[in-house]
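Chemist: build me a structure from this.
(one chain, ligands or ions: 1)
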Amino acid sequence: MVIMSETAQQRDNVIDCGAAPGAWSQIAVQRVNSTGANAELPRGTVIGIDLLNIAPLDGAHFLSSHDITDPFTHARLQDLLPSAKADVILSDMAPNASGCKDMDKEKLITMCLTLIDLTKGKQEGIS
Ligand SMILES: C[S@@+](CC[C@H](N)C(=O)[O-])C[C@H]1O[C@@H](n2cnc3c(N)ncnc32)[C@H](O)[C@@H]1O
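Modeler: Residues are numbered from 1 along each chain as shown. Now for the predicted structure:
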């Protein structure tokens, strides 16, 4: 969280993957001034995504019940991001463990690869 806090700047557009229940998003909201709490500074954007429901948070837009590996989620992100551009992509995602090591490892790798695609803008033009 400290590293994230140092990485994100005011006015940045942040995507928080695996955002529920919302702790990282709270820090991001403060860091990028997405509520406009500091009128002297530019405002950023925070978009959180999770399979689970996320309680509303002032300054953040949450895509609850969304799967980051689903292209539909990427299309929604493109609509929500100013200029369809993210400055910071955070991930604290962890798949639900099934107990089958190989399957869980596979899920985790798929998740990581999806995020790499997202940073490269491979899906739906996000850059
Ligand atoms: C460790 S928790 C995140 C805690 C959160 N970062 C916070 O600060 O409160 C991991 C989250 O990853 C989410 N997750 C797992 N797979 C996901 C997926 N494919 N798409 C979106 N979220 C996912 C889980 O639902 C879970 O809420």
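Chemist: mind checking how far Ser64 is from the ligand?
Modeler: Note on Ser64: its distance to the ligand, by Cβ to the nearest ligand atom, to the nearest Å, is 10 Å. Where C-beta positions appear, they are placed from N, C-alpha and C, glycine not excepted.
Chemist: I figured that residue was touching Leu52, is that so?
Modeler: Yes. Look at Ser64 against Leu52 with Cβ atoms under 8 Å: they come within range, at 6.8 Å.
Chemist: please enumerate the shared neighbours of those two.
Modeler: Contact criterion Cβ atoms under 8 Å, 6 or more residues apart in numbering; residues shared by Ser64 and Leu52: Ala20.
Chemist: what ranges does this structure have for its helices?
Modeler: For the chain, the helices defined by DSSP state H cover 2-7, 23-32, 71-80, 101-120.
Chemist: mean confidence score for the second one?
Modeler: Read it as helix 23-32. Over the span of helix 23-32, the pLDDT mean works out to 95.
Chemist: show me what counts as buried in that helix.
Modeler: Within helix 23-32, the residues that qualify as buried are Trp24, Ser25, Gln26, Ile27, Ala28, Val29, Gln30, Arg31, Val32, counting by 16 or more other Cβ atoms under 10 Å.
Chemist: for Ala8, which non-adjacent residue is spatially closest?
Modeler: In this structure, Ala8 finds its nearest non-sequential neighbour in Arg31, 4.5 Å apart by Cβ to Cβ, 6 or more residues apart in numbering.
Chemist: oh sorry, the question was meant for Ala84
Modeler: Closest residue to Ala84 apart from its sequence neighbours, by Cβ to Cβ, 6+ apart: Gln78 at 4.6 Å.
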